[in-house]
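*Asks:* From the sequence below, what's the structure:
(one chain, ligands or ions: 2)
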Amino acid sequence: MLGKGCFARLPELLEQREKATSLSGSVLVIDHFFQGKNILDLSFLSSADLVIWADTTHEPTTDYVDELADKVKASLPRPSAIVGIGGGSALDIAKAISVLLTNPGKSAEYQGWDLVKNPPVYKIGIPTIAGTGAEFTRTAVLTGPVKKLGINSDYSVYEQVILDADLLKTVPHEQFVYTAMDCFVHNCESLLGMQNDAMTIAMAQKSSDMIKEVFLGEMDHEKLLIASSMGGLAIANSNVGICHPFSYGLGYVLGLHHAFAICVAFNQLGEYYPEVETFKKILHKNNIVLPKIITDGITSEQLDHMAELTLMNEKPLSNAFGPDWRNVFGKDRVIELLKRM
Ligand code: NAD
Ligand code: ZN
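*Replies:* Ligands and ions are numbered 1, 2, ... in the order given. Below you'll find the model as predicted:
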(Lines give C-alpha, C1' and ligand atoms only; values in the text may rest on other atoms or scores of the structure.)
(Ligands and ions follow the chains in the order given, each with its own letter.)
Protein backbone atom coordinates (compact mmCIF):
# COMPACT_ATOMS: atom_id res chain seq x y z
CA MET A 1 0.00 0.00 0.00
CA LEU A 2 1.37 3.37 -0.94
CA GLY A 3 0.26 6.87 -0.07
CA LYS A 4 0.40 9.53 2.58
CA GLY A 5 -1.82 8.56 5.50
CA CYS A 6 -2.23 4.91 4.43
CA PHE A 7 -1.00 3.80 7.88
CA ALA A 8 -4.68 4.35 8.81
CA ARG A 9 -5.52 1.23 6.77
CA LEU A 10 -3.58 -1.03 9.18
CA PRO A 11 -6.62 -1.87 11.40
CA GLU A 12 -8.51 -3.04 8.31
CA LEU A 13 -5.64 -5.36 7.31
CA LEU A 14 -5.42 -6.77 10.82
CA GLU A 15 -9.13 -7.41 10.91
CA GLN A 16 -8.83 -9.34 7.63
CA ARG A 17 -6.07 -11.45 9.18
CA GLU A 18 -8.14 -12.23 12.24
CA LYS A 19 -11.01 -13.37 10.03
CA ALA A 20 -8.72 -15.43 7.81
CA THR A 21 -6.94 -17.17 10.70
CA SER A 22 -9.70 -17.28 13.35
CA LEU A 23 -7.00 -16.06 15.74
CA SER A 24 -7.33 -12.93 17.78
CA GLY A 25 -4.65 -10.40 18.58
CA SER A 26 -1.61 -9.22 16.70
CA VAL A 27 1.93 -8.33 17.73
CA LEU A 28 3.25 -4.88 16.85
CA VAL A 29 7.02 -4.48 17.00
CA ILE A 30 7.56 -0.72 16.99
CA ASP A 31 10.80 1.28 17.08
CA HIS A 32 11.17 2.83 20.54
CA PHE A 33 11.48 6.28 18.96
CA PHE A 34 7.67 6.32 18.72
CA GLN A 35 7.05 5.38 22.36
CA GLY A 36 5.23 8.10 24.28
CA LYS A 37 4.92 10.31 21.20
CA ASN A 38 1.64 11.03 19.51
CA ILE A 39 2.86 10.24 16.02
CA LEU A 40 1.31 6.84 15.37
CA ASP A 41 -2.41 6.44 15.88
CA LEU A 42 -2.61 3.15 17.78
CA SER A 43 -6.10 3.77 19.16
CA PHE A 44 -7.41 0.70 17.27
CA LEU A 45 -5.42 -1.69 19.49
CA SER A 46 -7.34 -3.87 21.93
CA SER A 47 -6.34 -5.88 24.99
CA ALA A 48 -5.83 -8.88 22.68
CA ASP A 49 -2.93 -7.14 20.93
CA LEU A 50 0.63 -6.93 22.13
CA VAL A 51 2.99 -4.00 21.54
CA ILE A 52 6.73 -4.58 21.76
CA TRP A 53 8.80 -1.39 21.82
CA ALA A 54 12.03 -2.35 20.07
CA ASP A 55 15.12 -0.71 21.50
CA THR A 56 17.18 0.15 18.43
CA THR A 57 19.96 2.03 20.20
CA HIS A 58 22.12 -0.85 19.06
CA GLU A 59 21.40 -2.91 15.98
CA PRO A 60 19.53 -6.16 16.70
CA THR A 61 21.47 -8.99 18.30
CA THR A 62 20.39 -12.62 18.38
CA ASP A 63 20.18 -12.43 22.21
CA TYR A 64 17.88 -9.43 22.09
CA VAL A 65 15.62 -11.01 19.49
CA ASP A 66 15.45 -14.24 21.53
CA GLU A 67 14.49 -12.23 24.62
CA LEU A 68 11.69 -10.44 22.75
CA ALA A 69 10.48 -13.66 21.13
CA ASP A 70 10.26 -15.29 24.59
CA LYS A 71 8.19 -12.36 25.77
CA VAL A 72 5.79 -12.77 22.84
CA LYS A 73 5.59 -16.55 23.34
CA ALA A 74 4.65 -15.97 26.98
CA SER A 75 1.73 -13.63 26.26
CA LEU A 76 0.57 -14.09 22.66
CA PRO A 77 2.11 -17.25 21.16
CA ARG A 78 -0.33 -17.48 18.24
CA PRO A 79 -0.97 -13.99 16.90
CA SER A 80 -2.90 -13.49 13.69
CA ALA A 81 -0.12 -11.23 12.35
CA ILE A 82 3.13 -9.49 13.27
CA VAL A 83 3.61 -5.87 12.29
CA GLY A 84 7.09 -4.36 12.09
CA ILE A 85 7.17 -0.56 12.30
CA GLY A 86 10.48 1.28 12.13
CA GLY A 87 13.79 1.40 10.28
CA GLY A 88 15.79 -1.63 9.22
CA SER A 89 16.40 -2.63 12.84
CA ALA A 90 12.75 -2.86 13.93
CA LEU A 91 11.72 -4.41 10.60
CA ASP A 92 14.36 -7.13 11.01
CA ILE A 93 13.45 -7.77 14.66
CA ALA A 94 9.81 -8.31 13.66
CA LYS A 95 10.85 -10.70 10.88
CA ALA A 96 13.01 -12.72 13.26
CA ILE A 97 10.31 -12.92 15.94
CA SER A 98 7.80 -14.17 13.36
CA VAL A 99 10.23 -16.98 12.47
CA LEU A 100 10.86 -17.89 16.11
CA LEU A 101 7.15 -18.21 16.90
CA THR A 102 6.80 -21.18 14.56
CA ASN A 103 10.32 -22.66 14.60
CA PRO A 104 12.09 -24.18 17.60
CA GLY A 105 15.33 -22.96 19.13
CA LYS A 106 17.18 -19.66 19.09
CA SER A 107 17.60 -17.09 16.34
CA ALA A 108 21.34 -17.80 15.88
CA GLU A 109 20.38 -21.27 14.61
CA TYR A 110 18.70 -19.64 11.60
CA GLN A 111 21.49 -17.24 10.64
CA GLY A 112 22.55 -18.44 7.21
CA TRP A 113 20.73 -19.46 4.07
CA ASP A 114 17.37 -21.26 3.94
CA LEU A 115 17.54 -22.78 7.43
CA VAL A 116 13.95 -21.88 8.39
CA LYS A 117 11.69 -24.92 7.98
CA ASN A 118 8.20 -23.88 9.13
CA PRO A 119 6.19 -21.01 7.65
CA PRO A 120 6.30 -18.08 10.08
CA VAL A 121 3.53 -15.80 11.31
CA TYR A 122 2.08 -13.49 8.63
CA LYS A 123 4.03 -10.21 8.56
CA ILE A 124 3.19 -6.63 7.66
CA GLY A 125 6.14 -4.23 7.26
CA ILE A 126 5.88 -0.47 7.72
CA PRO A 127 9.14 1.42 7.21
CA THR A 128 9.66 4.71 9.06
CA ILE A 129 13.09 5.38 7.51
CA ALA A 130 13.88 4.76 3.84
CA GLY A 131 16.91 2.93 2.58
CA THR A 132 17.59 -0.53 3.93
CA GLY A 133 14.84 -2.03 1.77
CA ALA A 134 14.28 -4.49 4.64
CA GLU A 135 10.55 -4.20 3.94
CA PHE A 136 11.18 -6.10 0.65
CA THR A 137 14.25 -8.26 1.21
CA ARG A 138 14.49 -11.93 2.19
CA THR A 139 16.82 -11.39 5.12
CA ALA A 140 16.66 -10.33 8.76
CA VAL A 141 20.13 -9.10 9.68
CA LEU A 142 21.24 -10.01 13.21
CA THR A 143 24.48 -9.72 15.11
CA GLY A 144 25.18 -13.12 16.64
CA PRO A 145 27.82 -14.48 18.99
CA VAL A 146 30.30 -15.03 16.16
CA LYS A 147 29.17 -12.91 13.22
CA LYS A 148 26.68 -10.50 11.77
CA LEU A 149 24.58 -12.54 9.39
CA GLY A 150 21.02 -12.57 8.19
CA ILE A 151 18.24 -15.08 8.47
CA ASN A 152 18.16 -15.44 4.68
CA SER A 153 14.96 -17.19 3.75
CA ASP A 154 11.81 -16.82 1.68
CA TYR A 155 10.17 -16.81 5.11
CA SER A 156 11.93 -13.53 5.91
CA VAL A 157 9.83 -11.66 3.35
CA TYR A 158 6.97 -9.40 4.47
CA GLU A 159 3.63 -10.51 3.08
CA GLN A 160 2.30 -6.96 3.05
CA VAL A 161 4.01 -3.56 3.10
CA ILE A 162 2.60 -0.15 3.96
CA LEU A 163 4.56 2.80 2.55
CA ASP A 164 3.36 6.01 4.21
CA ALA A 165 5.64 9.02 3.70
CA ASP A 166 4.01 10.79 6.66
CA LEU A 167 5.87 8.39 8.98
CA LEU A 168 9.22 9.73 7.78
CA LYS A 169 8.64 13.32 8.84
CA THR A 170 10.65 13.03 12.05
CA VAL A 171 13.78 11.39 10.62
CA PRO A 172 16.86 13.61 11.16
CA HIS A 173 18.49 14.65 7.86
CA GLU A 174 21.78 12.94 8.69
CA GLN A 175 19.97 9.63 9.31
CA PHE A 176 18.16 10.00 5.97
CA VAL A 177 21.48 10.36 4.18
CA TYR A 178 23.20 7.45 5.91
CA THR A 179 20.34 4.99 5.44
CA ALA A 180 19.79 6.09 1.82
CA MET A 181 23.49 5.57 1.15
CA ASP A 182 23.04 1.97 2.31
CA CYS A 183 20.49 1.66 -0.51
CA PHE A 184 22.76 3.46 -2.97
CA VAL A 185 25.58 1.02 -2.17
CA HIS A 186 23.25 -2.02 -2.42
CA ASN A 187 22.37 -0.76 -5.90
CA CYS A 188 26.01 -0.33 -6.96
CA GLU A 189 26.91 -3.78 -5.65
CA SER A 190 23.92 -5.31 -7.36
CA LEU A 191 24.62 -3.57 -10.69
CA LEU A 192 28.30 -4.48 -10.81
CA GLY A 193 27.86 -8.00 -9.44
CA MET A 194 27.57 -11.21 -11.42
CA GLN A 195 24.25 -12.39 -10.00
CA ASN A 196 21.86 -9.85 -11.44
CA ASP A 197 19.26 -9.98 -14.18
CA ALA A 198 17.33 -7.52 -16.33
CA MET A 199 14.74 -6.79 -13.65
CA THR A 200 17.31 -6.35 -10.89
CA ILE A 201 19.31 -3.99 -13.09
CA ALA A 202 16.23 -1.92 -13.95
CA MET A 203 15.21 -1.62 -10.28
CA ALA A 204 18.68 -0.82 -8.99
CA GLN A 205 19.27 1.81 -11.68
CA LYS A 206 15.95 3.54 -11.07
CA SER A 207 16.46 3.39 -7.33
CA SER A 208 19.86 5.10 -7.63
CA ASP A 209 18.46 7.74 -9.99
CA MET A 210 15.80 8.61 -7.44
CA ILE A 211 18.32 8.80 -4.61
CA LYS A 212 20.42 11.21 -6.66
CA GLU A 213 17.33 13.31 -7.43
CA VAL A 214 16.57 13.55 -3.72
CA PHE A 215 20.04 14.21 -2.32
CA LEU A 216 21.50 16.28 -5.16
CA GLY A 217 18.14 17.97 -5.79
CA GLU A 218 15.07 18.20 -3.63
CA MET A 219 14.01 16.10 -0.61
CA ASP A 220 10.93 13.97 -1.28
CA HIS A 221 10.01 11.37 1.35
CA GLU A 222 7.73 9.33 -0.90
CA LYS A 223 10.38 9.16 -3.61
CA LEU A 224 12.85 7.90 -1.01
CA LEU A 225 10.43 5.18 0.10
CA ILE A 226 10.08 4.01 -3.49
CA ALA A 227 13.84 4.15 -4.05
CA SER A 228 14.28 2.02 -0.94
CA SER A 229 11.65 -0.47 -2.08
CA MET A 230 13.16 -0.84 -5.53
CA GLY A 231 16.63 -1.14 -4.04
CA GLY A 232 15.30 -3.82 -1.66
CA LEU A 233 13.70 -5.77 -4.51
CA ALA A 234 16.90 -5.50 -6.55
CA ILE A 235 19.17 -6.70 -3.76
CA ALA A 236 16.73 -9.45 -2.76
CA ASN A 237 17.14 -10.90 -6.26
CA SER A 238 20.89 -10.40 -6.56
CA ASN A 239 23.56 -9.92 -3.90
CA VAL A 240 25.77 -7.37 -2.23
CA GLY A 241 29.42 -7.11 -3.24
CA ILE A 242 32.68 -5.80 -1.78
CA CYS A 243 31.43 -3.00 0.46
CA HIS A 244 29.07 -5.00 2.69
CA PRO A 245 31.73 -7.53 3.77
CA PHE A 246 33.92 -4.62 4.90
CA SER A 247 31.01 -3.00 6.71
CA TYR A 248 30.32 -6.23 8.62
CA GLY A 249 33.94 -6.40 9.81
CA LEU A 250 34.04 -2.72 10.73
CA GLY A 251 30.62 -2.83 12.36
CA TYR A 252 31.32 -5.96 14.39
CA VAL A 253 34.70 -4.96 15.77
CA LEU A 254 34.09 -1.23 16.26
CA GLY A 255 30.37 -1.40 17.04
CA LEU A 256 29.46 0.96 14.18
CA HIS A 257 25.92 1.29 12.86
CA HIS A 258 25.42 -0.47 9.54
CA ALA A 259 24.78 2.54 7.30
CA PHE A 260 27.65 4.49 8.85
CA ALA A 261 30.03 1.54 8.41
CA ILE A 262 28.85 1.26 4.79
CA CYS A 263 29.71 4.92 4.16
CA VAL A 264 33.15 4.57 5.77
CA ALA A 265 33.91 1.53 3.62
CA PHE A 266 32.41 2.73 0.33
CA ASN A 267 34.37 5.99 0.56
CA GLN A 268 37.56 3.98 -0.05
CA LEU A 269 36.29 1.65 -2.76
CA GLY A 270 36.52 3.99 -5.76
CA GLU A 271 38.80 1.56 -7.53
CA TYR A 272 35.95 -0.98 -7.69
CA TYR A 273 32.89 1.28 -7.86
CA PRO A 274 32.92 4.40 -10.10
CA GLU A 275 29.79 5.67 -8.31
CA VAL A 276 31.96 6.48 -5.27
CA GLU A 277 32.41 9.89 -6.95
CA THR A 278 28.64 10.52 -6.89
CA PHE A 279 28.50 9.23 -3.32
CA LYS A 280 31.14 11.78 -2.30
CA LYS A 281 29.15 14.56 -4.01
CA ILE A 282 26.03 13.52 -2.11
CA LEU A 283 27.85 13.57 1.24
CA HIS A 284 29.36 16.97 0.46
CA LYS A 285 26.05 18.51 -0.65
CA ASN A 286 24.37 17.18 2.50
CA ASN A 287 27.11 18.32 4.91
CA ILE A 288 28.15 14.84 5.98
CA VAL A 289 31.80 14.63 6.94
CA LEU A 290 33.18 11.14 7.51
CA PRO A 291 36.00 10.56 9.99
CA LYS A 292 39.37 10.58 8.26
CA ILE A 293 40.54 7.08 9.20
CA ILE A 294 38.31 5.25 11.64
CA THR A 295 40.67 2.29 11.90
CA ASP A 296 43.54 4.53 13.05
CA GLY A 297 44.79 3.42 16.44
CA ILE A 298 43.18 -0.03 16.48
CA THR A 299 45.29 -3.04 17.48
CA SER A 300 46.73 -5.46 14.94
CA GLU A 301 44.47 -8.15 16.46
CA GLN A 302 41.40 -6.00 15.77
CA LEU A 303 42.57 -5.35 12.23
CA ASP A 304 43.13 -9.05 11.69
CA HIS A 305 39.69 -9.87 13.11
CA MET A 306 38.05 -7.32 10.77
CA ALA A 307 39.86 -8.79 7.78
CA GLU A 308 38.77 -12.32 8.76
CA LEU A 309 35.15 -11.19 9.16
CA THR A 310 35.30 -9.45 5.77
CA LEU A 311 36.65 -12.56 4.08
CA MET A 312 33.97 -14.78 5.62
CA ASN A 313 31.47 -13.29 3.16
CA GLU A 314 31.96 -15.81 0.41
CA LYS A 315 28.69 -15.21 -1.42
CA PRO A 316 29.02 -11.42 -1.78
CA LEU A 317 32.69 -11.66 -2.70
CA SER A 318 32.06 -14.29 -5.34
CA ASN A 319 29.23 -12.10 -6.63
CA ALA A 320 31.74 -9.28 -6.99
CA PHE A 321 34.78 -11.15 -8.31
CA GLY A 322 33.54 -14.55 -9.48
CA PRO A 323 34.01 -18.02 -7.98
CA ASP A 324 37.81 -17.65 -7.90
CA TRP A 325 37.61 -14.46 -5.84
CA ARG A 326 40.28 -15.66 -3.40
CA ASN A 327 42.89 -15.43 -6.14
CA VAL A 328 42.28 -11.71 -6.63
CA PHE A 329 41.12 -10.56 -3.20
CA GLY A 330 43.34 -11.85 -0.44
CA LYS A 331 43.86 -10.87 3.17
CA ASP A 332 46.75 -8.48 2.42
CA ARG A 333 44.53 -6.48 0.08
CA VAL A 334 41.70 -6.40 2.63
CA ILE A 335 44.04 -5.14 5.36
CA GLU A 336 45.48 -2.51 3.02
CA LEU A 337 41.97 -1.19 2.33
CA LEU A 338 40.88 -1.40 5.98
CA LYS A 339 43.84 0.77 6.95
CA ARG A 340 42.48 3.51 4.66
CA MET A 341 38.93 3.30 6.07
P1 NAD B 1 17.62 1.87 12.37
O2 NAD B 1 16.39 1.08 12.16
O3 NAD B 1 18.73 1.24 13.12
O4 NAD B 1 17.21 3.24 13.07
C5 NAD B 1 18.14 4.29 13.25
C6 NAD B 1 17.61 5.29 14.24
O7 NAD B 1 16.48 6.00 13.71
C8 NAD B 1 17.14 4.67 15.53
O9 NAD B 1 17.61 5.45 16.59
C10 NAD B 1 15.61 4.77 15.47
O11 NAD B 1 15.05 4.88 16.75
C12 NAD B 1 15.41 6.03 14.68
N13 NAD B 1 14.15 6.15 13.94
C14 NAD B 1 13.41 5.20 13.31
N15 NAD B 1 12.36 5.76 12.67
C16 NAD B 1 12.41 7.08 12.93
C17 NAD B 1 11.58 8.17 12.57
N18 NAD B 1 10.52 8.05 11.75
N19 NAD B 1 11.92 9.40 13.05
C20 NAD B 1 13.01 9.57 13.82
N21 NAD B 1 13.84 8.58 14.19
C22 NAD B 1 13.54 7.34 13.74
O23 NAD B 1 18.21 2.40 10.98
P24 NAD B 1 18.23 1.79 9.52
O25 NAD B 1 19.41 2.39 8.87
O26 NAD B 1 16.91 1.92 8.85
O27 NAD B 1 18.46 0.24 9.75
C28 NAD B 1 19.72 -0.32 10.05
C29 NAD B 1 19.57 -1.80 10.29
O30 NAD B 1 19.00 -2.42 9.12
C31 NAD B 1 20.87 -2.51 10.56
O32 NAD B 1 20.71 -3.45 11.61
C33 NAD B 1 21.17 -3.23 9.27
O34 NAD B 1 21.97 -4.37 9.44
C35 NAD B 1 19.78 -3.57 8.80
N36 NAD B 1 19.63 -3.80 7.37
C37 NAD B 1 18.77 -4.76 7.00
C38 NAD B 1 18.57 -5.04 5.66
C39 NAD B 1 17.62 -6.12 5.27
O40 NAD B 1 17.48 -6.39 4.10
N41 NAD B 1 16.96 -6.77 6.19
C42 NAD B 1 19.23 -4.31 4.68
C43 NAD B 1 20.11 -3.31 5.08
C44 NAD B 1 20.30 -3.04 6.44
ZN1 ZN C 1 23.17 -2.67 3.72
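*Asks:* Report the contact partners of the closest residue to M199 other than its chain neighbours.
*Replies:* Excluding the flanking residues, the one nearest M199 by C-beta to C-beta, 6 or more residues apart in numbering is N237, at 6.8 Å. Quick note: C-beta positions are derived from backbone N, CA and C, even for glycine. By C-beta atoms under 8 Å, 6 or more residues apart in numbering, the contact list for N237 reads N196, D197, M199, T200.
*Asks:* try 7 Å this time
*Replies:* For N237, the contacting residues are D197, M199, T200, by C-beta atoms under 7 Å, 6 or more residues apart in numbering.
*Asks:* Provide the secondary structure category for the spatially closest residue to L224 that is not a sequence neighbour.
*Replies:* Once flanking residues are discounted, L224 sits nearest to A130: 3.9 Å by C-beta to C-beta, 6+ apart. Assigned by DSSP: H, G, I helix; E, B strand; the rest coil, the conformation of A130 is coil.
*Asks:* any idea how far A130 is from R17?
*Replies:* 26 Å (C-beta to C-beta, to the nearest Å).
*Asks:* Show me which of these two is the more surrounded one.
*Replies:* Higher neighbour count among A130 and R17: A130, with 31 against 21, using other C-beta atoms under 10 Å.
*Asks:* name the helices or strands packed onto the helix ranked longest in the chain?
*Replies:* Across the chain, the longest stretch assigned as helix under DSSP state H is helix 173-192. Applying 3 or more C-beta pairs under 7 Å, 6 or more residues apart in numbering; DSSP states H and E, we find helix 173-192 packed against helix 198-215, helix 221-236, helix 243-254, helix 258-266.
*Asks:* mind listing what's buried in stretch 141-152?
*Replies:* Within stretch 141-152, the residues scored as buried using 16 or more other C-beta atoms under 10 Å are V141, L142, T143, G144, K147, K148, L149, G150, I151, N152.
*Asks:* so which of the residues you listed comes closest to ligand 1?
*Replies:* V141 (3.7 Å; C-beta to the nearest ligand atom).
*Asks:* isn't the closest one right up against N152?
*Replies:* No - under the criterion of C-beta atoms under 7 Å, V141 is not in contact with N152, lying 9.3 Å apart.
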